[in-house]
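[1] using only what follows, build the 3D model:
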Amino acid sequence: MLVQITKRDSLSAEVMAKDTLKLLELQGVSPRLENDKQSRLDANIYGFKAEFAVARLFNLDPPSINVATDGGVDLWFDDTSIDVKFCNQEYGQLIFDSAQVFRSEIAVLVGKTSDEDIMRVNGWIKRRDFIKQHNKHDYGFGTRLVMQADQLNSIEKLWLEFAHRKHGANEGEIK
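    Below you'll find the model as predicted:
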């Protein structure tokens, strides 16, 4: 599903990304980036844009800056924790360094499009299902846990689940 973020969200993503890098600089920490094709600033901007896209799609509180760590959680739907993962391909891969860093209940994969303010929200998966179904791949800096965008649950299914939880007669359960 394509989601267009607002100019306000786009500017907020840029400011939040710059603030994040400045906070790291003030702490004497060198930001991690294993990608020669993109600056750390650009990676952070797109990461925040992806979070805004998911927040707007599900009418969630927007993302915020975390000084130390976000604990592996970017957004919340009630008590369901969401980790938003961005990739530079429109239909890319959901990648985690290890099972231990996948801390949220679910992950949502968002891909880059040719328009910097339109994000492709590809799909989602529960943590326990990712742990069972992932593949392993080494991109040249160690083995990562990976799933292709087309292996994920449709984002419409998650929207339906959340709508049912919020407005349905019975409480829903993510399956």
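[2] note down every partner strand of the helix or strand that contains Val84 and its orientation.
    For Val84, the host element (DSSP states H and E) is strand 80-87. Strand pairing for strand 80-87, using DSSP bridges, gives strand 75-77 (antiparallel), strand 106-112 (parallel).
[3] deepest of those strands, which one?
    Mean neighbours per residue, mean count of other C-beta atoms under 10 Å, is largest over these for strand 106-112, with a mean of 25. C-beta: built from backbone N, CA, C; applies to glycine.
[4] hmm, who's touching that strand?
    46, 50, 53-54, 80-94, 96, 119-127, 130, 149, 152, 155, 158, 174 (C-beta atoms under 8 Å, 6 or more residues apart in numbering).
[5] off-centre distance for that strand?
    Distance of strand 106-112 from the chain centroid (C-alpha atoms, centre = their mean, to the nearest Å) equals 5 Å.
[6] what's the angle from the worst-scoring helix or strand of the chain on mean pLDDT to strand 106-112?
    The helix or strand of the chain with the lowest confidence, counting by mean pLDDT, DSSP states H and E, is helix 155-167 at a mean of 89. Here the directions of helix 155-167 and strand 106-112 differ by 130 degrees (axes from the mean of the first three to the mean of the last three C-alpha atoms, to 10 degrees).
[7] next up, the contacts around Ser81.
    Gly72, Val73, Leu75, Arg103, Ser104, Glu105, Ile106.
[8] so who does the fourth one touch?
    Shown in contact with Arg103 (C-beta under 8 Å, 6+ apart): Gly71, Gly72, Val73, Ser81, Asp83, Arg127.
[9] in stretch 39-49, what counts as buried?
    Arg40, Asp42, Ala43, Asn44, Ile45, Tyr46, Gly47, Phe48, Lys49 (16 or more other C-beta atoms under 10 Å).
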